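>>> mind folding the following:
(chains A and B)
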2 protein chains.
Amino acid sequence: MIPIVLFVAPSGTGKTTLVEGVIRCLKERGFRVGALKHTSHRLKFDHEGADSWRFTRAGAQLTVISSPDELALVQKTEMELPLENIVEKYFRDVDILLVEGYKAGRRAKIEVFRDVKGAGLISRGGQNDPDLVAVASDVELDLDVPVLPLDDPDAVADFIIERFLS
Amino acid sequence: MIPIVLFVAPSGTGKTTLVEGVIRCLKERGFRVGALKHTSHRLKFDHEGADSWRFTRAGAQLTVISSPDELALVQKTEMELPLENIVEKYFRDVDILLVEGYKAGRRAKIEVFRDVKGAGLISRGGQNDPDLVAVASDVELDLDVPVLPLDDPDAVADFIIERFLS
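Numbers count the residues shown, from 1 in each chain, chains lettered A, B, ... in the order given. Predicted structure coming up:
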């Protein structure tokens, strides 16, 4: 099983930017990184009129476009696929998988925290989330897990390497 | 093994439009259709600035975006993946796969033919292609395989159902 790390946060916290930065750092250090994002929106490229996706719009259940340096796929689904199914089906050839948006998943989590009035940690609310392994924060916090600097993806990548890839 | 049909033609023949129409007809008749297209161009949705693909641009080898009704994937590849690999990895849950653009593949082929000055059939050039099963043409042709009307995707779908799905 490849290691999986969930990044959780309310929207507007800068989660995507942090994940993006961590991907870049891990790749620079030679790791093959997979990324998985959950969205409740319709996927954009399916609406831009790109020739490539005419088959999807015509009713293909699964369309693959293959080019010399990348392959893209769109699969129609009848229900939201569980994290486990997606990992098993698609993420076999990576060293680590970073996930944005499966808050309820029972996997190691890094919470992304930005100090705004009235906000508390999701994972240290009513009850402690046992899957929390670190918090990336823009302020100092006194916690039972490491607190990493939100604006330093290298530091977050270091933590992930030490914890999951060493 | 699911049946696979390659649509071959020079560009500008209306191949994509025909495949699109055939997908629509087959889906209307209850078949689960997969579509595979080869392109030598860079994939468009990766360049439109969609948030979804920031992870790909940051260096993720494989990015999956999951939404309630579809899943999309982009995989970086070091070389062009062979048809067989793509079929085996991705197209397990469809009834038939329609393919555009793998001319050299040794699979059943339908040639799409439009009568323009000086043009001949690709599959009946110097030597006969044994994989040719039909031609979709805008003119009558005298051939050893069925000639189907180019502008009638229903007729092409009928042929495919009788030949591969009955």
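>>> what pLDDT, on average, does the lengthiest helix in chain A get?
Counting by DSSP state H, the longest helix found in chain A is helix A:15-28. Mean per-residue pLDDT for helix A:15-28: 96.
>>> for the residue nearest the centre of chain A, give me its contacts.
Nearest residue to the geometric centre of chain A (C-alpha atoms, centre = their mean): A:V99, 2.2 Å. For A:V99, the contacting residues are A:4-7, A:35-38, A:83, A:105, A:107, by C-beta atoms under 8 Å, 6 or more residues apart in numbering or on different chains. The way it works is simple: take the backbone N, C-alpha and C, and place the C-beta from them, glycine included.
>>> what do you get if the cut-off is 10 Å, keeping everything else the same?
Neighbouring residues of A:V99 by C-beta atoms under 10 Å, 6 or more residues apart in numbering or on different chains: A:4-8, A:19, A:34-38, A:83, A:86-87, A:91, A:105, A:107-109, B:64, B:66.
>>> where are the low-confidence patches of chain A?
Within chain A, the segments meeting pLDDT under 70 span A:42-52.
>>> just the buried members of the contacts of A:V99?
Neighbour counting with 16 or more other C-beta atoms under 10 Å in any protein chain shown marks A:4-8, A:19, A:34-38, A:83, A:86-87, A:91, A:105, A:107-109, B:64, B:66 as buried within the contacts of A:V99.
>>> then stretch A:145-153 to CSV, C-alphas only?
Included here for stretch A:145-153 are C-alpha records, laid out as CSV according to Å, rounded to 0.1, in the frame of the first residue of the first chain:
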residue,chain,number,x,y,z
VAL,A,145,1.1,17.0,16.8
PRO,A,146,3.8,18.9,14.9
VAL,A,147,2.8,22.4,13.7
LEU,A,148,4.4,23.2,10.4
PRO,A,149,4.7,26.6,8.7
LEU,A,150,1.7,27.0,6.3
ASP,A,151,3.7,29.1,3.8
ASP,A,152,6.7,26.7,3.6
PRO,A,153,5.8,23.7,1.4
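>>> A:L143 - how many residues pack around it?
A:L143: 16 surrounding residues under other C-beta atoms under 10 Å in any protein chain shown.
>>> so how far is the helix or strand containing A:K89 off the chain centroid?
Assessed by DSSP states H and E, A:K89 sits inside helix A:83-90. Relative to its parent chain, helix A:83-90 has a centroid offset of 13 Å by C-alpha atoms, centre = their mean, to the nearest Å.
>>> the next helix or strand after it pairs with which strands?
Using DSSP H and E, the helix or strand that follows helix A:83-90 in sequence is strand A:96-100. Sheet pairing here is set by DSSP bridges, and for strand A:96-100 it gives strand A:4-8 (parallel), strand A:33-38 (parallel).
>>> closest to B:F159 out of those strands?
strand A:33-38 (40.5 Å; C-beta to C-beta).
>>> for that closest one, C-alpha coordinates in PDB please.
Extracted in PDB, the C-alpha atoms of strand A:33-38 (Å, rounded to 0.1, in the frame of the first residue of the first chain):
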ATOM      1  CA  VAL A  33       3.600  11.900  -6.600                       C
ATOM      2  CA  GLY A  34      -0.100  11.200  -7.200                       C
ATOM      3  CA  ALA A  35      -2.800  13.800  -6.500                       C
ATOM      4  CA  LEU A  36      -6.500  13.300  -5.900                       C
ATOM      5  CA  LYS A  37      -9.000  16.000  -5.500                       C
ATOM      6  CA  HIS A  38     -12.600  15.800  -4.700                       C
END
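>>> quick one: distance of that strand to the chain centre.
Distance, centroid of strand A:33-38 to centroid of chain: 5 Å (C-alpha atoms, centre = their mean).
>>> for the helix or strand just after that strand, C-alpha coordinates in PDB please.
On the C-terminal side of strand A:33-38, the closest following helix or strand by DSSP H and E is helix A:54-58. The C-alpha coordinates for helix A:54-58 follow below in PDB (Å, rounded to 0.1, in the frame of the first residue of the first chain):
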ATOM      1  CA  ARG A  54     -16.900  15.200 -28.100                       C
ATOM      2  CA  PHE A  55     -17.000  11.400 -27.400                       C
ATOM      3  CA  THR A  56     -17.900  12.000 -23.700                       C
ATOM      4  CA  ARG A  57     -20.700  14.400 -24.600                       C
ATOM      5  CA  ALA A  58     -22.000  11.900 -27.200                       C
END
